[in-house]
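Undergrad: the following block contains a protein sequence and its predicted model.
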Amino acid sequence: MVNIILKDNKPQKQPVFDSQEEGCVYRIPALCYNSCSQTLFAFAEKRTSLSDDDAEMLVMKTGKLKEDDSNEIQWSEQKEVKNALLSGHRTMNPCPVYEKKSNKLFLFFICVKNGCSEQSQITDCSNKAHLCYITTADDGENWSELKDLTPDLHEIDDWATFAVGPGHGLQTQKDRLIVPVYAYKIKKRKKRGSCCCRKVCAPISYALALYTDDPDKGWKFGNMLETESGECQMAEFLDDKGNWVVYCNARSKSGHRVEAVSLNEGDDFSILTGKLVDTKNTGCQGSVVSFPAQSEVGSTKTWLLFSHTTDVKKRVDLGVYLNKSPQDPDKWSEPWKINIGISGYSDLAYIGNGRFVCLMECGKEKTKEDETNKIKDPISDHIISSVMFSYDQVEQGIRQ
């Protein structure tokens, strides 16, 4: 067990998935919290290199908080999620969502045909990804058999490729389960009676929701956002009129995040114009969670917390942003940086009592011996760590 000691209001990192094995690297963190069992679920992709094409399978750990609120997390031994495998395919993009009524965790992911990159699918307008999930009712001790939803969802036939999340899904106040998705839609334009996908209909990615009101009765897609958008996450907040609103925050190449809201639980989204920055030209995945308003006694309001790299040019200095008026995209705070240096993808979880956990990609801190030996192996330097912090620390960090 590692004690998270705070120094200068900086939460200390705990290694969760460490690239120590030769030829092994972990990427794409996903985090989910079961409030009933007070268990954290951490997932990641196990790869043979940093490349997306070299993903293999998903791995997981569970975490428990000490009852004395001492800011300690005890992470379990690492397990391979062997039920999340489809023969001849690599497993990618873990996206867990917890269903409270059945106390069941749904783990969504995509299985992509080996040897087929995302770019080749986009170029050829030929999808090679399957939309799959497995479930557990005993905190990951046992998993169901893999369920492939691809044949049941006809919209996928019009996509060059797609993916879920990555990162956590959402259960709304009305118990709808929502899985964030982004898809490269093929815009078919006829030319002399035929469609030339490669040169005429360059696919564009759009975020959307996959949802169900009853998992036993199947899953459906909502409508796509109306602007180009990529990897996304969703949260739910209560607006000033007392309406529950599903909020979507998506990756973009424009230099700013794409934000959108839905008043019908993910069926349709309206675009917001905000100031949240994204990494210029490429963008980077980010995470968002809602939580009860703090420091307002008796309030029913909900606020949002967003995590993302804070530099506009490169993936460094992961920070968290606070919005106390989620319906207004101009109300995002300045970031509190929780990881200085190399940063990447992240996933947030609200664990109650004003506390949060963030699972994040970061560079391994060098020791004096490392610096002497001039270790520059990008795999051994890559690590997925967790940090736990409180709302009070966020407020203090923003003010600094």
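TA: Right, received. Where do you want to start? Numbers count the residues shown, from 1 in each chain.
Undergrad: quick one, longest strand in this protein?
TA: Longest strand in the chain, counting residues (DSSP state E): strand 336-352.
Undergrad: in its sheet, what does it sit against?
TA: Strand 336-352 pairs in its sheet with strand 316-323 (antiparallel), strand 355-363 (antiparallel), by DSSP bridges.
Undergrad: need the winner for burial among those.
TA: strand 355-363 (a mean of 24; mean count of other CB atoms under 10 Å). All C-beta atoms are positioned from the backbone trio N, CA, C, and that covers glycine.
Undergrad: chain center to that one, what's the gap?
TA: 11 Å (CA atoms, centre = their mean, to the nearest Å).
Undergrad: pLDDT (mean, whole number) over it?
TA: Average pLDDT, strand 355-363: 94.
Undergrad: CA atoms of it as PDB?
TA: This file holds the C-alpha atoms of strand 355-363, laid out as PDB (Å, rounded to 0.1, in the frame of the first residue of the first chain):
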ATOM      1  CA  ARG A 355     -12.700  13.300  -3.700                       C
ATOM      2  CA  PHE A 356     -11.500  12.300  -7.100                       C
ATOM      3  CA  VAL A 357      -9.200   9.800  -8.600                       C
ATOM      4  CA  CYS A 358      -7.400  10.400 -12.000                       C
ATOM      5  CA  LEU A 359      -5.800   7.500 -13.900                       C
ATOM      6  CA  MET A 360      -3.300   9.100 -16.400                       C
ATOM      7  CA  GLU A 361      -0.500   8.400 -18.800                       C
ATOM      8  CA  CYS A 362       2.700  10.100 -17.800                       C
ATOM      9  CA  GLY A 363       6.500   9.800 -18.100                       C
END
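Undergrad: average model confidence for stretch 62-71?
TA: Stretch 62-71 comes out at a mean pLDDT of 76.
Undergrad: in the protein, which residue is closest to the centre?
TA: By CA atoms, centre = their mean, the chain has its centre lying nearest to residue 167, at 2.2 Å.
Undergrad: and the strands in the stretch 201-350 of the chain?
TA: Ranges of strands in the stretch 201-350 of the chain, per DSSP state E, counting those that start in this stretch, are 204-212, 220-221, 232-238, 244-250, 258-262, 270-272, 287-292, 302-309, 316-323, 336-352.
Undergrad: closest to residue 86 out of the strands paired with strand 336-352?
TA: If you check each of the strands paired with strand 336-352 against residue 86 by CB to CB, strand 355-363 wins as the nearest, at 24.8 Å.
Undergrad: what's the angle from that closest one to strand 287-292?
TA: Relative orientation of strand 355-363 versus strand 287-292 (axes from the mean of the first three to the mean of the last three CA atoms, to 10 degrees): 170 degrees.
Undergrad: hang on, the earlier thing: against residue 113, how distant is the residue nearest to the centre of the chain?
TA: Between residue 167 and residue 113 the distance is 24 Å, computed by CB to CB, to the nearest Å.
Undergrad: with residue 288 instead?
TA: Taken as CB to CB, the span from residue 288 to residue 113 is 31 Å.
Undergrad: when these two are compared, which one has more neighbours?
TA: Set residue 288 next to residue 113 and count neighbours by other CB atoms under 10 Å: residue 288 wins out with 29 against 15.
Undergrad: any regions of the protein where pLDDT drops low?
TA: Along the chain, the parts satisfying pLDDT under 70 run over 1-8, 21-22, 68-70, 189-201, 296-298, 365-380.
Undergrad: give me the longest helix you can find in the chain.
TA: When the chain is parsed with DSSP state H, its longest helix is helix 391-399.
Undergrad: quick revisit: could I get the strands paired with strand 336-352 in CSV, plus columns for distance to residue 55?
TA: Below are the strands paired with strand 336-352 laid out as CSV (distance: least, CB to CB, whole Å):
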stretch, distance to residue 55
strand 316-323, 22
strand 355-363, 14
